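> Just need the structure, nothing else, for what follows:
(2 chains)
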Amino acid sequence: KNQVEQSPQSLIILEGKNCTLQCNYTVSPFSNLRWYKQDTGRGPVSLTIMTFSENTKSNGRYTATLDADTKQSSLHITASQLSDSASYICVPLTYGGSQGNLIFGKGTKLSVKP
Amino acid sequence: GAGVSQSPSNKVTEKGKDVELRCDPISGHTALYWYRQSLGQGLEFLIYFQGNSAPDKSGLPSDRFSAERTGGSVSTLTIQRTQQEDSAVYLCASSPGQESYGYTFGSGTRLTVV
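This next block holds a predicted model:
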């Protein structure tokens, strides 16, 4: 069964600090993995998309890693800002199946405090 | 349009009433998805349209839920005889095709059944 587990469920950090969010998945067959940021009251917005051959990918202060062998991914946020407060959702993509192929985690809710 | 547009942004309805939620996908996107997001939960797949193919309705929770997509563009999600447990944010997303990297979400419709 395709599943995604994210940790921690929620996280509070001070502005300027770094943090790392974790994602474990059991999705087969695996196509690629995405991290989304969802601000309160908004739809999710894509941060990164990683194929199985990519180990790390950066988008500004966001750096995602992927280990396709252990089926783990992480999202590292550097020098956090108040605007980083949001839910971060890990989404591995399968193919050839139903549901439009995206399997959504429940997300990590990040709160950045001044 | 420039993005995925959903309307209304907020809807409060009385239990037992029918509601219609609308999604305008990005022009040219052949794939359209509906999701439901309950408070504190991950995105729950509802239905998936791809071009002229029969939609994947495997995620619809009951026969009170239905969706259609006219002319391969605008989609309407209808909930009949609404129940309080239907209260959630309903998100629509579109992409240029299956397994596409151009997957974009709308801002959602927040439905409250009182």
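> List the contacts of the residue in chain B positioned nearest to chain A.
Of all residues in chain B, B:Phe105 sits closest to chain A, at 3.2 Å by C-beta to the nearest C-beta. C-beta: built from backbone N, CA, C; applies to glycine. B:Phe105 sits next to A:43-45, B:4, B:91-93 when contact means C-beta atoms under 8 Å, 6 or more residues apart in numbering or on different chains.
> A:Ser46 too?
A:34-36, B:103.
> what comes up buried for the helix-or-strand element of chain A with minimal mean pLDDT?
When the helices and strands of chain A are compared on mean pLDDT, DSSP states H and E, strand A:45-51 comes out lowest with a mean of 88. Of the residues in strand A:45-51, A:46-50 count as buried by neighbour count, 16 or more other C-beta atoms under 10 Å in any protein chain shown.
> Now flag whichever of those residues is closest to chain B.
Using C-beta to the nearest C-beta, the buried residues of strand A:45-51 come closest to chain B at A:Ile49, 5.8 Å.
> how about that closest one, what does it touch?
Neighbouring residues of A:Ile49 by C-beta under 8 Å, 6+ apart: A:32-34, A:57, B:101.
> Confidence-wise, which of those comes last?
Lowest pLDDT within the contacts of A:Ile49 is found at B:Tyr101 (63).
> How many neighbouring residues does the nearest residue to B:Gln84 once chain neighbours are set aside have?
Distances taken as C-beta to C-beta, 6 or more residues apart in numbering or on different chains place B:Val113 nearest to B:Gln84, at 5.0 Å, with adjacent residues excluded. Neighbourhood size, B:Val113 [other C-beta atoms under 10 Å in any protein chain shown]: 19.
> measure B:Val113 to B:Arg81 for me?
10 Å (C-beta to C-beta, to the nearest Å).
> does the residue nearest the centre of chain B count as helix, strand or coil?
Most central in chain B under C-alpha atoms, centre = their mean is B:Trp34, positioned 3.3 Å from the mean C-alpha point. For B:Trp34, the assignment made with DSSP: H, G, I helix; E, B strand; the rest coil gives strand.
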